[in-house]
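1. What shape does this take:
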Amino acid sequence: MITLIARLKAKPGKESLLYEECRNMVKLVTEKEPDCKMYVPHVSENNPLEVTFVEKYANKEAFDNHLNTPYFKALTQKFDDLLDGEPDLQLLKELD
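-> Purely as a prediction, here's the structure:
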């Protein structure tokens with residue numbers, strides 16, 4: 001199992017658009033990626049500009065598949081407009 005923690009920080013005034021994009025991604029991933037076991041965005045209670053995704057994939061192939069989907073690539077094309085800086089990504093694997 002592979003886990004990804006992805007932290008996104010919206011530009012001020014863009015948080016609603018980022019939330020909408022996150023909700024759309026959840027729907028697409030849930031419908032089209034059976035080897036994605038968890039794909040849940042969270043909003044910081046202390047800072048509504050910060051969205052943290054907790055994602056779990058059955059294996060590296062499933063994770064790589066996610067990165068190569070047309071809908072994920074389309075989302076990343078919107079990052080310059082939506083995000084204040086680069087996403088902070090932490091890829092984890094479960095302890096044996």
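2. Which residue ranges of the protein form helices?
-> Ranges of helices in the chain, per DSSP state H, are 15-32, 60-67, 70-76, 79-82.
3. beta partners of residue 3?
-> In this structure, residue 3 has beta-bridge partners residue 56, residue 92, where bridges are defined by DSSP bridges.
4. got a markdown table for the helices of the chain, with mean neighbour count and distance to residue 54 too?
-> C-beta here means a position set from N, CA and C on the backbone, and glycine is covered the same way. Written out in a markdown table, the entries for the helices of the chain read as follows (neighbours: other C-beta atoms under 10 Å; distance: least, C-beta to C-beta, whole Å):
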| stretch | mean neighbour count | distance to residue 54 |
| --- | --- | --- |
| helix 15-32 | 15 | 12 |
| helix 60-67 | 14 | 13 |
| helix 70-76 | 13 | 16 |
| helix 79-82 | 12 | 19 |
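5. Make TSV out of those and add mean pLDDT and distance to residue 96.
-> What follows is the helices of the chain, written out as TSV (pLDDT from 0 to 100; distance: least, C-beta to C-beta, whole Å):
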stretch	mean pLDDT	distance to residue 96
helix 15-32	98	27
helix 60-67	96	16
helix 70-76	97	29
helix 79-82	97	34
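6. Just put those helices in a markdown table and tack on distance to residue 52.
-> Shown next, in a markdown table, are the helices of the chain (distance: least, C-beta to C-beta, whole Å):
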| stretch | distance to residue 52 |
| --- | --- |
| helix 15-32 | 10 |
| helix 60-67 | 17 |
| helix 70-76 | 16 |
| helix 79-82 | 15 |
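7. Thanks a lot, catch you later.
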